[in-house]
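> Provide a 3D model corresponding to the input given below.
(one chain, ligands or ions: 1)
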Amino acid sequence: MQSMPRSMSNTREVQKIITVFLLVLVSHLLKAQEPAKIISSVFDEALTDRTAYNNLEYLCKHTKGRIAGSPAAEKAIEYARQALINAGADTVWLQKVPVPHWVRGNEKCSVKSSIHGKKDLSITALGLSVGTTEEGITAKIIEVHDFEELKTLGLKSIQGKIVFFNRPFDNKLINSFSAYGGAVNQRTMGPSEASKYGAIAVIVRSMTQSLDKFPHTGVTRYADGVNKIPAVAVSTLDAELLSQWLKTDSSLTIHLLSTCKNYPDAWSYNVIGEVYGSLKPHEYITVGGHLDAWDIAEGAVDDGGGCVQAIETIRIYKKLGIKPKRTVRAVLFMNEEMTATGGKTYAEEAKNKGEVHYAALESDRGVMSPRGFSFDADSTKLEKLRSLTSWFEPYNIRDFDKGGGGSDIAPLKALGALQIGYIPDSQRYFWYHHSANDTFEQVNIRELQMGSAAIASLIYLLDLFDL
Ligand SMILES: [Zn+2]
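This is a model prediction of the structure:
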């Protein structure tokens, strides 16, 4: 056989090398494109499917007022369990959680002035507060703006009166959560502080920028050893009116009735669904919201929306066949609103079982249009996490900032889990928060879906790149 000319053999070799090189290049390019393709398919799926919106509608309209320990909460637990099964979770289970059992009673409040006349005020009892007697209480009222002023007024001005905390949100603050943070101690600690000076009840201006008729509840915490006094929130419109009347009639009286009661602790559940990890099944990434909601609310933005977004992560992964390396857990926490025992129990059990918790994300800041995420990370880690922003550019999601995760996942920090908060636009959140104005109708399906897609995408990327 005639041997091949040397030049031809060389050409074949070069061709072979080029082919291998091209194959490697193409496979690298495909690999680099893969996350973009997957993220695109996650958004496509979230934006064209109504499951999350339908789940939210059910939670709002059929388990309204699902405060921990209530029959509505039990119904929500069963619905959420079934929703996770329907989403295709590899396993779904309930985790037993101790919860307080507080029940609202009759509530009524009116102001009487010799100058201005009489008017009913729109009020709602604060969670975990004690009630008045069945007859209610009648007393003079004194307006206060902070604890320093309370101290200056002292026992002689406060004793025997109802203290009216009326410091509004600072509307100059762009982040609504900062404005909330600057006002909320009136609600959480105001009753205890006022009690120290002999107040017999507290009325707190509702925690919202909005001027409207809705009273906004929320938990109050009595300090050890103080005399527990009844505490209610008043709508911002009525707070304004009360303040106006007080300017010209400091001797006006309030009649307050609130027959809420604290009962012995009860049992409830966190609802948990998992997609098993393909490479590191014993490392966990938690994605959660809280299933409980205030008894006067449908709990759409706080926090039914966060719950259905967590379920969506499971549904989307199963539908698209995304196989995370680590086990992804959707956790619908119970009792965030009163004493956060859902989050505490989850972290305690994780610790006892020796589980490795890689990261945890909470969606509990409403479900308006996504802005980005907050990370409880040092500057080096934050820089790495910011490398992910390019994947989100097509979706106008740009904010990767330093910040906390959420109260339910906070106890996981001790186990080393990276804390992540989902950050939607914050401007309207406190219009609804903890009030009867937090209804299904306030949620926009597109904004909810965009959030679900953003959360599912971030978890996918964190896991993929081991960030
Ligand atoms: Zn919440």
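> Can you classify W102 as helix, strand or coil?
Using DSSP: H, G, I helix; E, B strand; the rest coil, the three-state assignment for W102 comes out as strand.
> Just list whatever residues bridge to it.
Applying DSSP bridges to W102 yields these beta-bridge partners: N262.
> tell me, how many neighbours does it end up with?
W102 sits with 22 neighbouring residues when counted by other C-beta atoms under 10 Å. For every residue, glycine as well, the C-beta is placed using N, CA and C.
> Start the count at 892 instead of 1 going forward.
With the count now opening at 892, the last piece we talked about shows up as W993.
> residue contacts, it?
Applying C-beta atoms under 8 Å, 6 or more residues apart in numbering, we find W993 in contact with 958, 960, 1018-1019, 1151-1154, 1229.
> Dump the residues you listed to TSV, plus pLDDT and neighbour count.
Formatted as TSV, the contacts of W993 follow (pLDDT from 0 to 100; neighbours: other C-beta atoms under 10 Å):
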residue	pLDDT	neighbour count
I958	98	25
G960	97	25
G1018	98	24
L1019	98	20
C1151	98	23
K1152	97	12
N1153	97	14
Y1154	97	10
M1229	98	21
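> The ion next: which of the residues you listed are close?
By C-beta under 5 Å from the ion, no member of these lies near the ion.
> Quick check, central residue of this protein?
With distances taken as C-alpha atoms, centre = their mean, the residue of the chain nearest its centroid is D1255 (1.7 Å).
> tell me the domain ranges of the chain?
Per automatic domain parsing, the structural domains of the chain span 930-993+1155-1355, 997-1150.
> quick one on the thing from earlier: distance of the residue nearest to the centre of the chain relative to the ion?
For D1255, the distance to the ion under the criterion C-beta to the ion, to the nearest Å works out to 4 Å.
> repeat for Q986
From Q986 over to the ion the distance is 19 Å, taken as C-beta to the ion.
> Around the ion, which positions in this structure sit nearby?
Near the ion, when you scan the chain using C-beta under 5 Å from the ion, you find 1193-1194, 1255.
> Which stretches in the stretch 1092-1241 of the chain count as strands?
With strands called from DSSP state E, counting those that start in this stretch, the stretch 1092-1241 of the chain shows them at 1092-1096, 1122-1125, 1144-1149, 1152-1166, 1171-1181, 1217-1224.
> Local confidence estimate at T902?
The predicted local distance difference test score for T902 is 70.
> and what of S894?
Listed pLDDT for S894 reads 51.
> what does the one 5 residues further on give?
The model reports M899 with a pLDDT of 58.
> hang on, the earlier thing: hey, which of the domains of the chain is tucked in deepest?
domain 930-993+1155-1355 (a mean of 21; mean count of other C-beta atoms under 10 Å).
> if you go through the stretch 892-1041 of the chain in chain order, where are the strands?
Counting by DSSP E, counting those that start in this stretch, the segments of the stretch 892-1041 of the chain that form strands are 982-994, 998-1004, 1008-1011, 1014-1016, 1028-1035.
> got the angle for the last one vs strand 1144-1149?
Computed by axes from the mean of the first three to the mean of the last three C-alpha atoms, to 10 degrees, the angle separating strand 1028-1035 from strand 1144-1149 equals 110 degrees.
> Could you figure out how far strand 1028-1035 is turned away from strand 1092-1096?
Using the same axes, to 10 degrees, strand 1028-1035 lies at 50 degrees relative to strand 1092-1096.
> In CSV: the strands of the stretch 892-1041 of the chain, plus mean pLDDT and distance to K1104.
Listed next are these as CSV, based on pLDDT from 0 to 100; distance: least, C-beta to C-beta, whole Å:
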stretch, mean pLDDT, distance to K1104
strand 982-994, 98, 24
strand 998-1004, 98, 13
strand 1008-1011, 98, 11
strand 1014-1016, 98, 11
strand 1028-1035, 98, 20
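> Switch the ones you listed over to CSV; also include distance to Y1237.
Written out in CSV, the entries for the strands of the stretch 892-1041 of the chain read as follows (distance: least, C-beta to C-beta, whole Å):
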stretch, distance to Y1237
strand 982-994, 7
strand 998-1004, 33
strand 1008-1011, 43
strand 1014-1016, 29
strand 1028-1035, 38
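> Those strands: which one's closest to L1041?
With C-beta to C-beta, the closest approach to L1041 among these belongs to strand 1028-1035: 5.1 Å.
> how far is that closest one from where the chain is centred?
Here the centre of strand 1028-1035 is set off from its chain's centre by 34 Å, with C-alpha atoms, centre = their mean, to the nearest Å.
> related to what we said a few turns ago, of the domains of the chain, which is nearest R903?
domain 930-993+1155-1355 (39.1 Å).
> and the end-to-end length of the closest one?
Start and end residues of domain 930-993+1155-1355 are separated by 12 Å (C-alpha to C-alpha, to the nearest Å).
> and if you look at stretch 1087-1099?
Its first and final residues considered, stretch 1087-1099 spans 27 Å by C-alpha to C-alpha.
> Give me the pLDDT for the closest residue to S1097 other than its chain neighbours.
The spatially closest residue to S1097, leaving aside those adjacent along the chain, is H1107, at 3.9 Å (C-beta to C-beta, 6 or more residues apart in numbering). Reading off the per-residue confidence, H1107 sits at a pLDDT of 98.
> Dig out what K1010 forms beta bridges with.
Per DSSP bridges, the residues bridged to K1010 are V1002.
> rewinding a little: the residue nearest to the centre of the chain sits in which helix or strand?
Taking DSSP states H and E as the criterion, no element holds D1255; it sits outside all helices and strands.
> For it, which residues are in contact?
Contact partners of D1255, counting by C-beta under 8 Å, 6+ apart, are 1180-1181, 1193-1194, 1197, 1227, 1297-1299, 1312-1313.
> again, 7 Å this time
For D1255, the contacting residues are 1180-1181, 1194, 1197, 1297, taking C-beta atoms under 7 Å, 6 or more residues apart in numbering as the criterion.
> Next: V1222.
With contacts defined as C-beta under 7 Å, 6+ apart, V1222 is in contact with 1161, 1163, 1177, 1179, 1201, 1237.
> Pick out the most distant pair among the residues you listed.
A1201 and Y1237 (12.9 Å).
> What distance do you get for the residue nearest to S1097 to W1185?
In this structure, H1107 lies at 9 Å from W1185, with C-beta to C-beta, to the nearest Å as the measure.
> Touching both of those two, which residues are there?
H1325.
> My guess is G1233 contacts E1239. True?
No: at 10.9 Å, G1233 does not count as touching E1239 under the criterion of C-beta atoms under 7 Å.
> Export the domains of the chain as a markdown table, with columns for distance to E904.
Written out in a markdown table, the entries for the domains of the chain read as follows (distance: least, C-beta to C-beta, whole Å):
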| stretch | distance to E904 |
| --- | --- |
| domain 930-993+1155-1355 | 37 |
| domain 997-1150 | 64 |
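> Out of these, which gets nearest to T902?
Nearest to T902 among these is domain 930-993+1155-1355; the distance by C-beta to C-beta comes to 41.0 Å.
> Phi first, then psi, for K1275.
Backbone geometry at K1275, expressed as degrees, to the nearest 10, gives phi -60, psi -50.
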